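K.L.:
Turn this into a structure:
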Amino acid sequence: MALSGVIRSAIVHNNPSLSPTPGTEQQPLLPFDHLPVLLRRHGVAEAHARPLVGRRLTDDRVRSWRTSPARAWVQPLVEWARTPLSFVALAFDLDAPEAIERLGSASMGSRAIPCPNLAVYRKLSGHAHAVYTLRRPVLRAAEARPFPLAALGRCSEWLLQQLLADTGFAGVLVSNPVHADYDTRWLRTRPYTLAELREYIPQNWRRPRVPRTDAGRNAAVFHGLMRYAGSSEPSDADVAQYAEQLYAALDIANPHAFTRSELAGTLKSVLRYRARWRSTGWHRPGWLARQADLGRRNTSEQQRVKGRLGGERSGEARRVAVSDRDRRLLARLEAGESTRQAAAAEGLSHSAVVRARQRGLSGGARSNQHR
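P.N.:
Numbering: from 1, shown residues only. Model (predicted):
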């Protein structure tokens, strides 16, 4: 026996706690253990167990396949911004010169756009991927939760708009930041929370009706199914059929961006919520109960009724608010003032005075048309 083997045997004999337990000597590494160290330092918290990888061909098409985490990081494109059940980071594809300029401004500390954790530039074309890592991965598909997924979808859609990113990017294959084909700028080491990203979004910003990002599509399908499944009227089969309708609509807007496996996982999560509601006598969250019972069948007739009632009430409120002002304007006009003089005295435009005079000449018929 070699001298090192004798010494090791003596140490283990005198310290039984150091002896290896059966099955621990050849433990395989976890997927996270294969992540590059720099990605871990910049907030990547999870890794795909069997990521999709790819490389560009001579005609710029991408050939992709799945492989083990140990072999993934030698490829130029890797699925590392998400796992089968979570979003680990938000990645955006920037191709236009204006988008690259905005990325540079954000990297320099712009107050309008948050600084990405890393920016990966392709050496041949100058195109880039901007990546925002998340402090806590947001669950999706079969493990989706309503509010974190909705917040992530909103942040993703807003960042896409601010960065002028490519709307055709599916968010799956992201540039490998440690590959020789790319020039990576490692920027912010601390990952973002959803609250930090939401602070940049203006209160009056409205999310687009058709989602254009991976997180936005997941959030839209999940919440659409939750609203439909929140009522006791449709069966589980009806919910599955409605999921197919949502999938078809998304596939028309952006083909193959939302896969059937993602749809199946999302439907599984929604049906699990539905089973819980059914077992508790349809005791659902208040926001979902209101949307499911009142808004699920928002037909055109309901919209017309809402619009008509809203128009009547708002018209009455406006007429009450301007009645005193109209009386003053009519008194000025009857006293001999011109419309421009009355407008200057009341701080109004000339056309507002003309409309007030027309309302007065109509004898109040316009104000009584809905009473």
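K.L.:
Return the distance of stretch 117-136 from the chain's centre.
P.N.:
Centroid separation for stretch 117-136 versus its chain: 18 Å, with CA atoms, centre = their mean, to the nearest Å.
K.L.:
That stretch: end-to-end distance?
P.N.:
15 Å (CA to CA, to the nearest Å).
K.L.:
Using neighbour counts, pick out the buried residues of it.
P.N.:
Buried residues in stretch 117-136, counted by 16 or more other CB atoms under 10 Å: 117-122, 127-134. Every C-beta, even on glycine, is put in place using the N, C-alpha and C of the backbone.
K.L.:
With secondary structure as added columns, please give these in CSV.
P.N.:
Shown next, in CSV, are the buried residues of stretch 117-136 (DSSP: H, G, I helix; E, B strand; the rest coil):
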residue, secondary structure
117, coil
118, strand
119, strand
120, strand
121, strand
122, strand
127, coil
128, strand
129, strand
130, strand
131, strand
132, strand
133, strand
134, strand
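K.L.:
of these, closest to residue 188?
P.N.:
Of all the buried residues of stretch 117-136, residue 188 sits closest to residue 117, with 4.8 Å by CB to CB.
K.L.:
does the closest one really touch residue 129, like I thought?
P.N.:
No - using CB atoms under 8 Å, residue 117 is not in contact with residue 129; the gap is 11.4 Å.
K.L.:
where along this protein do the helices fall?
P.N.:
3-14, 37-41, 69-72, 97-107, 146-163, 194-198, 214-229, 236-253, 260-279, 286-295, 300-334, 339-346, 350-361 (DSSP state H).
K.L.:
Which of these sits closest to residue 185?
P.N.:
helix 97-107 (6.6 Å).
K.L.:
now the angle from the closest one to helix 146-163?
P.N.:
Here helix 97-107 points in a direction 120 degrees away from that of helix 146-163 (axes from the mean of the first three to the mean of the last three CA atoms, to 10 degrees).
K.L.:
got the contact list for helix 97-107?
P.N.:
Applying CB atoms under 8 Å, 6 or more residues apart in numbering, the contact partners of helix 97-107 are 94, 112-116, 119, 126-128, 130, 162-166, 185, 187.
K.L.:
rerun at 7 Å
P.N.:
94, 113-116, 119, 126, 128, 130, 163-165, 185, 187 (CB atoms under 7 Å, 6 or more residues apart in numbering).
K.L.:
For the nearest residue to residue 167 once chain neighbours are set aside, give its distance to residue 341.
P.N.:
Leaving aside its sequence neighbours, residue 167 sits nearest to residue 212 (CB to CB, 6 or more residues apart in numbering; 4.3 Å). Relative to residue 341, residue 212 is positioned 54 Å away (CB to CB, to the nearest Å).
K.L.:
Then residue 280?
P.N.:
Taking CB to CB, one finds residue 280 at 69 Å from residue 341.
K.L.:
do residue 332 as well
P.N.:
In terms of CB to CB, residue 332 sits 7 Å off from residue 341.
K.L.:
Looking at those two, which one has more neighbours?
P.N.:
Legend: neighbour count by other CB atoms under 10 Å for residue 332 and residue 341, higher for residue 332 (18 against 13).
K.L.:
The more buried one against residue 343, yeah?
P.N.:
No - between residue 332 and residue 343 there is no contact under CB atoms under 7 Å: 9.6 Å.
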